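Novice: give me a model of this one.
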Amino acid sequence: MSSSNNEVISKACPHTIKKFELISEYVKAWIEKLMNFNECTGIVYIDCMSNSGVYKDNDGNEIEGTPLRVSKIIADAMIKYSSKQAYLYFNDIDQKKIEMLETRLPKKTGNFNVYTTMIDANELLRKISSQFGVYQKMHFLLLYDPYEADIDWDAIMPYLRNWGEVILNHMLSDTVRAARVAKNPEAIEKYEKTYQTSIEELISFGSDKKEFEKKIKNIIKELSGRKENQYYIASFPFFNSMNTVVYNLVHCTGHIKGFRLFKTTAWKTFGGKSSMKNTHNVESQIQICVDEKTGDFNLTTPSDEYCYYVHDIASYVQKHFRGQTDVPYDEIWAYLDEHPVFPNDSYKRQITVALKNDYGAKTTQKNVVFADRSG
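Specialist: Residues are numbered from 1 along each chain as shown. Here you go, the predicted structure:
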């Protein structure tokens, strides 16, 4: 599996650059938490579709991609955590891209180990997973970033079940555009493999993005081998200049702390919302709605499931706790912990203010009294 772009230095659109930012900011926070966890002896980071690490933006400026950003973050961290180890794997099937990447990567040290390969991405993953025993008490982070909706679940499964995390690029635009008109047997096989279902079922989804997203999440849950509520999947959409979803970046982990951290990092990267979708300020327009329970008229704002704001988090909380008294904050934050998009870390004060101002909640230092009104 390789990039569909044969240029050594590819063009990076704004949504791609934002993806670089999200992944690198997550790694920056992720490695600090892990290095301070006594039982973790180190980390293994795998980017099996790394490209050259160098891009050009729309104005022709050079941009560092995920491999260079992440490798520098981890190299700097390992200076401070000298008693622990880091193993980084970067792979691309294109020799010229790897050769360029090698000229930019930080130098190896006693506890910072970098390996580059030029093989099929899934072959690399199988090779590393067959050697899991070598990485005792080490935490994995796999970045699986194909340029098409082409996912080899057999190669990924060991990482979904291991102590670690997977960040998966679900190339939704490829599927919505091409799956329903696919005629070539190889193309049909690709989509059926990725979604673990027949091409007829995929065609029946039409352009319903939610059905394709649901299919991917169900596959991940099944392959994780975990019971319900013991595996966490966060998903965030990325939009192009035409305001169309190009792909979802899906974060998978069996650990609630990583799940919380990724959601919070995503919201910070997007500027206090859940995506960079241009909502044309609709989220600020006041609407009048009727409370089904009381018949009262309430003022509210529109909600867009592809671009949530803090007021959407408050609405979600209000609907659940409506009319309840003396609800501990910890119970509210625990409820948000289970949501695939909504964070609470770093947004607790904003959520509390929205509950008070928008829904009439009364707050103390420890509890919240929720008004009996709709969210």
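Novice: spit out the contact partners of the residue nearest to R226 when sequence neighbours are not counted.
Specialist: Spatial nearest neighbour of R226, chain neighbours left out: G254 (5.8 Å); criterion: Cβ to Cβ, 6 or more residues apart in numbering. The C-beta positions use only the backbone N, C-alpha and C, and glycine is treated the same way. By Cβ atoms under 8 Å, 6 or more residues apart in numbering, the contact set of G254 is W163, S224, R226, Q230, Y231, Y232.
Novice: for A77, state which of the residues you listed is nearest.
Specialist: W163 (18.9 Å; Cβ to Cβ).
Novice: phi and psi next, for K257.
Specialist: Dihedral angles of K257 (phi, psi; degrees, to the nearest 10) stand at phi -70, psi -40.
Novice: can you tell me, leaving aside adjacent residues, what's nearest to it?
Specialist: Nearest to K257 is K33, by Cβ to Cβ, 6+ apart, at 6.8 Å.
Novice: for the helix or strand harbouring the one you found, buried residues please.
Specialist: Take DSSP states H and E as the rule and K33 turns out to sit in helix 14-35. Buried residues in helix 14-35, counted by 16 or more other Cβ atoms under 10 Å: 15-31, 34-35.
Novice: partner strands of whichever helix or strand comes after it, parallel or antiparallel?
Specialist: Per DSSP H and E, helix 14-35 leads on to strand 42-47 as the next helix or strand towards the C-terminus. Partners of strand 42-47 in the sheet, by DSSP bridges, are strand 85-91 (parallel), strand 138-144 (parallel).
Novice: what average pLDDT does the last one get?
Specialist: With pLDDT averaged residue by residue, strand 138-144 scores 98.
Novice: distance from it to the middle of the chain?
Specialist: The chain centroid and the centroid of strand 138-144 are separated by 13 Å under Cα atoms, centre = their mean, to the nearest Å.
Novice: got it, and the first one?
Specialist: Per Cα atoms, centre = their mean, the displacement of strand 85-91 from the mean C-alpha position of its chain is 20 Å.
Novice: buried residues in it, which are they?
Specialist: Q85, A86, Y87, L88, Y89, F90, N91.
Novice: S207: which of those is nearest?
Specialist: Nearest member of the buried residues of strand 85-91 to S207, counting by Cβ to Cβ, is N91, at 33.2 Å.
Novice: quick one: that closest one and L124 touch, right?
Specialist: Yes - using Cβ atoms under 8 Å, N91 is in contact with L124, at 4.9 Å.
Novice: anything in contact with each of those two?
Specialist: Contacts common to N91 and L124, judged by Cβ under 8 Å, 6+ apart, are I46, C48, T117.
Novice: neighbour-wise, which of those residues leads?
Specialist: C48 (26 neighbours; other Cβ atoms under 10 Å).
Novice: need the per-residue pLDDT for that one.
Specialist: Reported pLDDT for C48: 97.
Novice: repeat for Q285
Specialist: At Q285, the predicted lDDT confidence score is 57.
Novice: from the contact counts, what lies against the helix or strand where E211 lies?
Specialist: Following DSSP H and E, one finds E211 within helix 209-224. On a contact count with 3 or more Cβ pairs under 8 Å, 6 or more residues apart in numbering; DSSP states H and E, helix 209-224 meets helix 153-161, strand 164-170, helix 172-178, helix 185-195, helix 199-205, strand 232-239, strand 245-253.
Novice: what does that helix contact?
Specialist: Contacts of helix 209-224 (Cβ under 8 Å, 6+ apart): 153, 156-157, 160-161, 168, 170, 172, 175-176, 195-197, 202, 205, 231, 233, 235, 245, 248, 250, 252, 254.
Novice: so that helix versus helix 153-161, what angle?
Specialist: 70 degrees (axes from the mean of the first three to the mean of the last three Cα atoms, to 10 degrees).
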